[in-house]
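**Student:** Let me see the structure of the following:
(one chain, ligands or ions: 1)
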Amino acid sequence: MKALALLSGGLDSSLAIRLIQNQGIEVVGLHFLIPFCRHKDVKMEKSAAKKIADSLRVKLKTEYLGQEFLKMVKNPRYGYGKNLNPCIDCKILMFKKAKKIMKEVDASFIVSGEVLGQRPMSQNKQSLKLIEKESGLKGLLLRPLSAKLLSLTIAEEKGWVKREGLEDVCGRGRNLQIKLAEKLGIREYPWPAGGCLLTDPEFCKRLKDLIKHNQFALENIELLKVGRHFRFSPTFKLVVGRDKEENERLNHLFRKGDIYFEPKEEPGPSALGRGEYDEETKLLAARIIARYTSCGQEVKIFVRILGKTQEEYLVKGSDKDIRGKMIR
Ligand code: SF4
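**Tutor:** Here you go, the predicted structure:
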C-alpha cells in the first residue's frame, strides 16, 4: 500500500505523513514549487524540501507550477483570501496535479496536512469538500490531522488506514500540533506556517503594482523578492538592494534590456532598472543610489547596459528623489 502526500515543508504536512507511515503505509512526498515561495529561487526551495523529505524518510517528487499558477493567481474562480492568496483555486490546481502523479507512482490515495478550521477561507468544512470534489478526488483525499472530524475516506473504509490512529485537530492554534510533533519525534520543521508570499501584505503591494502595470510575468515576480522598489512611470521601475546579498541577487537577475547601477568608489547599494528609460530616468536612478550611498554628497555611479558601453554619473541624492516613488 502506498500513499502520495503533499509535503509543503511546514509542520502539518510532516505530521500527516508520519501518522500515515505509522500505519505501515509507504508514503511518497510531493512538493509543489511555485513562483511565490519565500526562498529566493527554485534550487533553494527544492533542497529545503528534500531535507524535510529525508528527515521523514520519504521519496520526494517535485512539480513546478509556473505559467498556469500565474494564470490562476490573476483570475481565481473562488476569489482571494486576506491578501492575494487564492487558496481554494490553488489547492484545486495542486490536487488535480497530485491525482495524475498518484497514478504515476502507483499510490492508492492522497494525504494532506490540512487542518479543519485553520484558515477561514480554504479550510472550513465546506471548502474542504469543494476542493476534494473539484479536484476529482472524492473519497481519495485523506487529511489525517482532522480525519476524525471529517467524512470517512476510501482508505479508511477499505481498512488500509485505521481511524483510531488519526487525529481530531481543529482550529488555528498550534499547541496540539507541537505536542503531536513531540510524540511522533518530529524535530525538523524549519518553515513556519505561511511559506507563501501571496499571504504577505508587503509583497502583495508590490505584486498589485505589477498587475496594475501589466507586468505580471515570472521574471518580474522573481525581482519582487529583492530590495526596495521604486515606480518611476507605468513602464519603468527601479529595485535597490538593501544589503550585500541583495546586491548580488540583483546582479544575478540582470538581463538584456535592464540597466544596472552601482556606486564606483564607495560601498553602497546596487540597483536594477527594468522597463523603458531615457536620460532623465537614468539620472534619477543614479541619484537614488547616491541617496542610499552617501546622502547629500557627490557620488560616482557606474551604469551598465548589457552589450553597451558603460557610463558614469557624478550625482548627489536627497530624500526628494525618492518621494512618492517607493512601492509600499
Ligand atoms: S497560501 Fe499560497 S500556496 Fe498555500 S494554498 Fe494559499 S495560495 Fe496556495
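**Student:** Kindly provide the distance from the nearest residue to residue 25 once chain neighbours are set aside to residue 272.
**Tutor:** Closest residue in space to residue 25, ignoring its immediate chain neighbours: residue 1 at 4.9 Å, by Cβ to Cβ, 6 or more residues apart in numbering. Where C-beta positions appear, they are placed from N, C-alpha and C, glycine not excepted. Using Cβ to Cβ, to the nearest Å, we find residue 1 at a distance of 51 Å from residue 272.
**Student:** Report the beta-bridge partners for the residue nearest to the spatial centre of the chain.
**Tutor:** Centroid-nearest residue in the chain, with Cα atoms, centre = their mean: residue 37, separated by 1.8 Å. Counting by DSSP bridges, residue 37 is bridged to residue 196.
**Student:** rewinding a little: between residue 1 and residue 272, which one's more packed in?
**Tutor:** residue 272 (27 against 14; other Cβ atoms under 10 Å).
**Student:** who touches that one in this structure?
**Tutor:** Contacts were defined as Cβ atoms under 8 Å, 6 or more residues apart in numbering; by that measure residue 272 touches 223, 238-239, 250, 253-254, 258-261.
**Student:** The residues you listed in helices, which ones?
**Tutor:** Within those, residues falling in helices by DSSP state H are 223, 250, 253.
**Student:** Going by neighbour count, which of those are buried?
**Tutor:** 223, 250, 253 (16 or more other Cβ atoms under 10 Å).
**Student:** Now pLDDT and distance to residue 281 too, for the contacts of residue 272, in CSV please.
**Tutor:** Below are the contacts of residue 272 laid out as CSV (pLDDT from 0 to 100; distance: Cβ to Cβ, whole Å):
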residue, pLDDT, distance to residue 281
223, 96, 17
238, 98, 9
239, 98, 14
250, 97, 17
253, 96, 19
254, 96, 17
258, 97, 13
259, 97, 8
260, 97, 14
261, 97, 11
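**Student:** and which of those is nearest the ligand?
**Tutor:** Nearest to the ligand among the contacts of residue 272, counting by Cβ to the nearest ligand atom, is residue 223 at 19.2 Å.
**Student:** just checking, the residue nearest to the centre of the chain touches residue 45?
**Tutor:** Yes - look at residue 37 against residue 45 with Cβ atoms under 8 Å: they come within range, at 4.8 Å.
**Student:** Quick check: chain neighbours aside, which residue is closest to residue 303?
**Tutor:** Closest to residue 303 by Cβ to Cβ, 6+ apart is residue 311, at 4.3 Å.
**Student:** List phi and psi for the one you found.
**Tutor:** Per-residue torsions, residue 311: phi -120, psi 170 (degrees, to the nearest 10).
**Student:** again with residue 309
**Tutor:** The phi/psi pair for residue 309 (degrees, to the nearest 10) reads phi -70, psi 140.
**Student:** Check it and give its pLDDT.
**Tutor:** Listed pLDDT for residue 309 reads 79.
**Student:** so what's it up against?
**Tutor:** With Cβ under 8 Å, 6+ apart, residue 309 has no contacts at all.
**Student:** mind checking how far it is from the ligand?
**Tutor:** As judged by Cβ to the nearest ligand atom, to the nearest Å, residue 309 and the ligand stand 44 Å apart.
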